[in-house]
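Undergrad: Sequence and computational prediction follow.
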Amino acid sequence: DKWKTTFKDKHGEENAPHGVYFYVITAVTVLLSYVASVAIPDIEAIFGLVGATAGSILIYIFPGMCVLRLKPGKLYKPEKVGAIMLIVVGCISAVMGSYVTIAEWGG
C-alpha cells in the first residue's frame, strides 16, 4: 500500500508518519516556508507575529486550559470560571497583538 501513512512500532501500534502522504506534506511545508521568506523581506514582522501568538498562548491560554483539564468539577466553579476568563483574555490579546503587528507592516 503505497499511500500508507503509518507504520507499526515495536509494540505493534501504528503511530509514525510514512509514505507518499508524509513526503507531500513535508514538501508543501518547505515550499510555503520558502515562499514566505522570499515574500516577506523584514524578519521583524514575523517575530512580532510569533511573539504575539506564542506569548498569549504561553501566558494566558495554556495555563487556563490546564486548569480546565486538571481540576475536577463543573465549569461554574470559581477556579474554572477564572480559567475560562484567562483563555478569553488570551485569545483577545493574541488577536489584538496580531492585528497591531500586521497593521504596522506597511510602515
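TA: Received it, and whenever you're ready, just let me know what you need.

Undergrad: So for the one helix or strand I87 maps to, what gets flagged as buried?
TA: Following DSSP states H and E, the helix or strand that holds I87 is helix 78-103. By 16 or more other Cβ atoms under 10 Å, the buried positions in helix 78-103 come out as K80, A83, I84, L86, I87, G90, S93, A94, G97, S98, T101. C-beta coordinates here come from the backbone N, C-alpha and C atoms, glycine included.

Undergrad: quick one: least confident of those?
TA: Taking the buried residues of helix 78-103 together, the minimum pLDDT is found at T101 (85).

Undergrad: Not counting residues beside it along the chain, what's closest to it?
TA: Counting by Cβ to Cβ, 6 or more residues apart in numbering, G48 is the residue found nearest to T101 once chain neighbours are left out, at 3.8 Å.

Undergrad: which stretches of the protein have low pLDDT?
TA: 1-19, 106-107 (pLDDT under 70).

Undergrad: Mind jotting down where the helices sit in it?
TA: Along the chain, the stretches classed as helices by DSSP state H are 20-39, 43-56, 62-70, 78-103.

Undergrad: and the angle for the second one with helix 62-70?
TA: Counting by axes from the mean of the first three to the mean of the last three Cα atoms, to 10 degrees, helix 43-56 points 30 degrees away from the direction of helix 62-70.
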